[in-house]
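1. fold the following.
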Amino acid sequence: MADRLIRITTALAVLAVAAVAAVISYRHAYELVHTHGETGPTARLVPFTVDGLIWAASMVILDASRRKQPAPALAKWSLAVGIVATVGANVAHGASHGVIGAIVSAWPALALVGSFELLMTLTRAAARSNAAQDKQRTEPAQPHTDTERTPEQAVLDEYTASLNGPGRPLSQRYLAEKHGIDRRKVKQIITTAEQSAPA
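-> The predicted structure follows:
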């Protein structure tokens, strides 16, 4: 529950920052386009093409990540070009006020790009976590052996198996609660296993 609350509040904060930064960045780009000869619908729509390119490229990269496929090269290039374009437009907007003006003007674009990428990171992490939970639910129960495993051995086996699965390894807290072992003991088991593992 705590992890879910953290993800939700983080996502809301990222969205709020992104919304404010998007409005300011759009205004800067619009004023730049307008002062360089474009008017009417063109001046109003050109800034959308820049941030829209970032959105589209990020969505393609996210989709590839969710399908466990490499991100298309065009999506990576489009994302890079979109970031350079939006930051460049904001820098150009504030350049007439000197270096400080350019930096201040560029900040909303950097905040927008950073917030958007943070949101994509949250989405990818949530997808990996859900996939790992689904896998754990669908995996058949391990047959009981004649000699029952000790809780310590069960912790070690589960942690080692999670290293080869999708997403992040199982947390020490999760293993401690599941097997009724002190968290410090779980940490010691994992640390000992990692130290004895071949390089």
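2. mind listing what's buried in the helix or strand containing V20?
-> Secondary structure from DSSP states H and E places V20 in helix 2-35. The neighbour-count check on helix 2-35 (16 or more other C-beta atoms under 10 Å) flags 14, 17-18, 21-22, 24-26, 28-30, 32-33 as buried. Bear in mind the C-beta positions are built from the backbone N, C-alpha and C, glycine included.
3. and L170, helix, strand or coil?
-> coil (DSSP: H, G, I helix; E, B strand; the rest coil).
4. surely S78 touches W55?
-> No - the criterion here is C-beta atoms under 8 Å, and S78 misses it with W55 at 10.3 Å.
5. could you dump the buried residues of helix 2-35 to JSON lines with distance to M120?
-> Listed next are the buried residues of helix 2-35 as JSON lines, based on distance: C-beta to C-beta, whole Å:
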{"residue": "V14", "distance to M120": "10"}
{"residue": "V17", "distance to M120": "14"}
{"residue": "A18", "distance to M120": "11"}
{"residue": "A21", "distance to M120": "15"}
{"residue": "A22", "distance to M120": "15"}
{"residue": "I24", "distance to M120": "21"}
{"residue": "S25", "distance to M120": "18"}
{"residue": "Y26", "distance to M120": "20"}
{"residue": "H28", "distance to M120": "23"}
{"residue": "A29", "distance to M120": "22"}
{"residue": "Y30", "distance to M120": "25"}
{"residue": "L32", "distance to M120": "27"}
{"residue": "V33", "distance to M120": "27"}
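6. secondary structure element for the residue nearest to V155 when sequence neighbours are not counted?
-> Sequence neighbours aside, L175 is the residue nearest to V155 in space, at 4.9 Å (criterion: C-beta to C-beta, 6 or more residues apart in numbering). Assessed by DSSP H and E, L175 sits inside helix 172-179.
7. so which elements touch that helix?
-> Packing contacts for helix 172-179, counted by 3 or more C-beta pairs under 8 Å, 6 or more residues apart in numbering; DSSP states H and E, involve helix 151-163, helix 183-196.
8. pick the most buried one from the ones you listed.
-> Mean neighbours per residue, mean count of other C-beta atoms under 10 Å, is largest over those for helix 151-163, with a mean of 16.
9. average pLDDT for it?
-> If you average the pLDDT over helix 151-163, you get 81.
10. for that helix, the distance to its chain's centre please.
-> Taking C-alpha atoms, centre = their mean, to the nearest Å, one finds helix 151-163 lying 27 Å from the centre of the chain it belongs to.
11. distance of V87 relative to A71?
-> 21 Å (C-beta to C-beta, to the nearest Å).
12. and what of H36?
-> In terms of C-beta to C-beta, H36 sits 33 Å off from A71.
13. and those two? Which one has more around it.
-> More neighbours surround A71 than the other of H36 and A71, with 16 against 9 (other C-beta atoms under 10 Å).
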